[in-house]
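A.B. asks: below are the sequence and a predicted model; questions follow.
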Amino acid sequence: MDNMLMGTFLMQVSQQIGVKKFVNIVAGCSYPGYVENGEMNEDEYWNGKLHESIFSFGFPRKASTVYGLALKRQFNFNSIHLIMANMFGPREHFNSEQSKALAGLIRKMYEAKKNNLPKVEVWGTGKPTRDWLYVKDGAEAILRATAYYNDIEPLNITTGVGISVAKLAETIKAIVGYKGKLVYDTDKPDGAMHKTFGIKKMQKILGWMPSTPIDKGIKETVEWFGKNYEKAISY
């Protein structure tokens, strides 16, 4: 919450000192949690409540877009709001308190291989699908949006492709080279079952699509993690 308050204050100060464009990076969990077919399109951004599993995290992110809208109406302040898919890559958070599923699985399997453990636990059923965006692609899209996008309405930055937790886990397992067993703890929550983001508006406005296949992005992330293990787990 403190980070989001800082972001709001930064937007306010930017308006006051005459910044020409403010780029607000917003997590995808700010979308309604119960979108038809699980594909989240910009015209549905205001159409419902957040998913119960992440509402306390998603709400302040959504509030930042509301604040941008208020500054636009009152002062004609130019801010853009980029809704990012799940990001991953080198320098990700790998500690247990902050890591997302992909980074958490990389660490679990890396350490299981290192310590010759027979199994790795994966939370949930493995069925939920998520949209994963490699950090280099995300950075490129942010720069393009900064140059070409000037609308107050949110814009998705995404691959538009969902991958199940089970397939993600198997992909990480193969890249890490872990030979043990994956065990799914179905007592742990799945969260939203399907969560991908629409790409049509992004393609039209930016003329762009992510270029990094997920297996290549995971490979580069695993390589960085292995070379920076001690530093990575302390972030």
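C.D. replies: Happy to help now that I have it. Computed from a predicted structure; not experimentally measured.
A.B. asks: avg pLDDT for stretch 209-228?
C.D. replies: In this model, stretch 209-228 has an average pLDDT of 96.
A.B. asks: distance from that stretch to the middle of the chain?
C.D. replies: In this view, stretch 209-228 has its centroid 15 Å away from the chain centroid, taken as CA atoms, centre = their mean, to the nearest Å.
A.B. asks: next: stretch 174-192.
C.D. replies: Taking CA atoms, centre = their mean, one finds stretch 174-192 lying 20 Å from the centre of the chain it belongs to.
A.B. asks: next, the distance between the ends of that stretch.
C.D. replies: Counting by CA to CA, to the nearest Å, the length from the leading to the trailing residue of stretch 174-192 is 26 Å.
A.B. asks: which residues are contacting that stretch?
C.D. replies: For stretch 174-192, the external contacting residues (CB atoms under 8 Å, 6 or more residues apart in numbering) are 33-34, 38, 51, 53-54, 106, 109-110, 112-113, 117-128, 166, 169-170, 173, 215, 218-219, 222. Backbone N, C-alpha and C define where each C-beta goes, glycine included.
A.B. asks: let's see which of those residues end up in helices.
C.D. replies: Among the contacts of stretch 174-192, the ones falling in helices (DSSP state H) are 106, 109-110, 112-113, 166, 169-170, 173, 215, 218-219, 222.
A.B. asks: got TSV for those, with neighbour count and distance to residue 198 too?
C.D. replies: Listed next are the ones in helices among the contacts of stretch 174-192 as TSV, based on neighbours: other CB atoms under 10 Å; distance: CB to CB, whole Å:
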residue	neighbour count	distance to residue 198
106	24	28
109	24	31
110	22	34
112	21	36
113	16	37
166	17	24
169	21	26
170	14	27
173	21	30
215	12	23
218	24	24
219	16	28
222	18	29
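A.B. asks: can you point out the buried residues in the helix or strand hosting residue 137?
C.D. replies: Taking DSSP states H and E as the criterion, residue 137 maps to helix 135-148. Buried residues in helix 135-148, defined by neighbour count with 16 or more other CB atoms under 10 Å: 135, 137, 138, 140, 141, 142, 144, 145.
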